[in-house]
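**Student:** The following block contains a protein sequence and its predicted model.
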Amino acid sequence: MISADARLESQREASAAHHDAYLMKPLRLAILLDSLKQLLDLRWIYDKQDQRAPISFSLSELSSEQIPSQSHLVRLGQLGAIGHVRGILSQLDEIGAAQPSTGPTLAYLRRLAEDCDLDGYKDTIKALVFHVV
């Protein structure tokens, strides 16, 4: 079961008898895959060709034109705080249309959101906010 339920740990444990596993949102893909592996006794086989190459991203190399506006960063931060990945992706599309020069930054944020790396996403948004200030 995947839930955003913030009940106390003891309450979650009581309901755990009805589920094989219990994961909290925001969902982390690695934890979900590990749970599936354990529950289904799987062995993951990875195709080397399917592995996505890392995107290089250096905050110090960004010009001010490559960073979304402060209001956009605030909205992206709000979406990240609630783990709304589809909302993030939609907002990134809107920003890209309004500020095409932010493309490299948006591509990096998109990769983090698509990979459900919300901790990395939120850290990057915070760094961008401080970089703009």
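**Tutor:** Perfect, thanks for sending it. These figures come from a predicted structure and were not determined experimentally. Numbering: from 1, shown residues only.
**Student:** show me where this protein has helices.
**Tutor:** If you assign secondary structure with DSSP state H, the helices in the chain sit at 9-15, 29-40, 70-81, 85-98, 103-114, 118-132.
**Student:** hmm, who's touching the last one?
**Tutor:** The reference is to helix 118-132. Surrounding helix 118-132, the residues in contact under the criterion Cβ atoms under 8 Å, 6 or more residues apart in numbering are 26, 28, 57, 59, 62, 64, 67-68, 70, 73-74, 76-77, 80-81, 83, 85, 88, 105, 108-109, 112-113. C-betas here are computed from N, CA, C, even on glycine.
**Student:** Can you say which of the residues you listed are buried?
**Tutor:** Burial of the contacts of helix 118-132 was assessed by neighbour count (16 or more other Cβ atoms under 10 Å); the buried members are 26, 28, 62, 67-68, 73, 76-77, 80, 83, 85, 88, 105, 108-109, 112-113.
**Student:** coming back round to it: do you know which of the helices of the chain lies nearest residue 46?
**Tutor:** Go through those one by one with Cβ to Cβ and the one that ends up closest to residue 46 is helix 29-40, at 10.9 Å.
**Student:** Can you dump the C-alpha atoms of stretch 89-103 in CSV for me?
**Tutor:** What follows is stretch 89-103, C-alpha atoms only, in CSV (Å, rounded to 0.1, in the frame of the first residue of the first chain):
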residue,chain,number,x,y,z
LEU,A,89,6.3,18.4,-14.9
SER,A,90,3.4,20.6,-16.1
GLN,A,91,4.9,23.7,-14.4
LEU,A,92,8.2,23.0,-16.0
ASP,A,93,6.5,22.9,-19.4
GLU,A,94,4.8,26.3,-18.7
ILE,A,95,8.1,27.8,-17.6
GLY,A,96,9.9,26.5,-20.7
ALA,A,97,7.3,28.1,-22.9
ALA,A,98,7.6,31.5,-21.0
GLN,A,99,11.3,31.4,-20.5
PRO,A,100,13.1,29.3,-23.1
SER,A,101,16.5,30.3,-21.9
THR,A,102,15.9,28.2,-18.7
GLY,A,103,16.0,25.0,-20.8
